Structure formats: structure tokens, C-alpha cells
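> from the sequence below, what's the structure:
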Amino acid sequence: MTTQQEEIIADAMVEGTSTKDMIVEAAKKAGVAISGFAKSSFSAIIGTFPDVLHWVMRIFWEAVLPLMVLYGVYKFILFAYDKIMELYVSGKPNEWVLILNNGELKHKGIGLSCFRGPFDQVAVFPANVHQVNFTAE
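Residues are numbered from 1 along each chain as shown. Now for the predicted structure:
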């Protein structure tokens, strides 16, 4: 936009006038003729634009945005559930489950089901083994 165009638009912008009147005034100052048909068509288009914009914004704020928030909460809950279930340990009825942390035994049992800590190590092996030796480094 040139400086001359900006000056014409700034001169046409008078507080209290409609958008249509401002554009017609700017066109007059620029020396552009606007026919009666163009004025009426322009008036019809510009006259309905605020109503359409109002309904679009209302639909967005009252329907789309709440659905987006609910979807975000749903995805967060699924993410949190998956992360929590990664810490769940379950052994079959014929398996030993050992949970170790820093080389120390925290929990042990046959068919053990429990939550482990984020830094715990898990060892699962069949219960029919008679002797098991563990060494910690």
C-alpha cells in the first residue's frame, strides 16, 4: 500500500461512520467512481459480514474450543495411564518376580503383581529353578 493510499484511508476514517461510508469516501477522494449497483452489492456483502463473523466466532467459542479442550484432556489422561502402566509388573503363577534397586532386593515373590519404581530393575524367571545366584556390581 502506498503512502497516498494510506493517507486517503486515514482521511476517510471518521469515528461514527460505517465501513461502507468510509470506503465510498476514500473512493471519492481517490477519484474512483462507484456505480449504484456496486454500492448496493457492496452494502449487501459488508452488511452481512459482521453477522456471519459473529456466528462463526460464537460457534468456535461455544462448540469447537470446548471440544478441543476435552480432546486434549482425553489425550493427556491416556498418556498418563500408559506411563503409569509401564511401571506395573506382573508375573505368571509359575514365575518368580524380583524387583531390585541399586543391587538391593526390594520385592520378591512367585506370581508377584505390583508397581515398580522408575529406576527399579525387574527379573522374571521360571519358579522350577532350584538355585539362583545373583551378584551385584
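> touching stretch 118-134 from outside, list them.
87, 89, 91, 94-101, 106, 110, 116 (Cβ atoms under 8 Å, 6 or more residues apart in numbering). Where C-beta positions appear, they are placed from N, C-alpha and C, glycine not excepted.
> any chance you could map the helices in the protein?
Under the criterion DSSP state H, the chain carries helices at the ranges 3-12, 19-30, 36-59, 65-85.
> who is Cys114 paired with across the strands?
Judged by DSSP bridges, the bridge partners of Cys114 are Val89.
> residue contacts, it?
Applying Cβ under 8 Å, 6+ apart, the residues near Cys114 are 88-89, 99, 107.
> before we move on, what about Ile99?
Per Cβ under 8 Å, 6+ apart, neighbours of Ile99: 89, 105-108, 112, 114, 116, 120-122.
> mind checking which of the contacts of stretch 118-134 land in strands?
The strands, defined by DSSP state E, take in 89, 95-101, 106, 110 from the contacts of stretch 118-134.
> quick revisit: the contacts of Ile99, buried ones only, as a PyMOL selection?
In PyMOL, this line selects whichever of the contacts of Ile99 come out buried by 16 or more other Cβ atoms under 10 Å:
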select buried, resi 89+107+112+116+120
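> as TSV, the contacts of Ile99 with pLDDT and distance to Leu78 would be great.
Formatted as TSV, the contacts of Ile99 follow (pLDDT from 0 to 100; distance: Cβ to Cβ, whole Å):
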residue	pLDDT	distance to Leu78
Val89	93	21
Leu105	93	34
Lys106	93	29
His107	92	28
Lys108	92	32
Leu112	92	27
Cys114	93	23
Arg116	93	21
Asp120	93	24
Gln121	93	27
Val122	93	24
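> from the contacts of Ile99, which is closest to Gly72?
For these, the closest approach to Gly72 (Cβ to Cβ) belongs to Arg116, at 29.3 Å.
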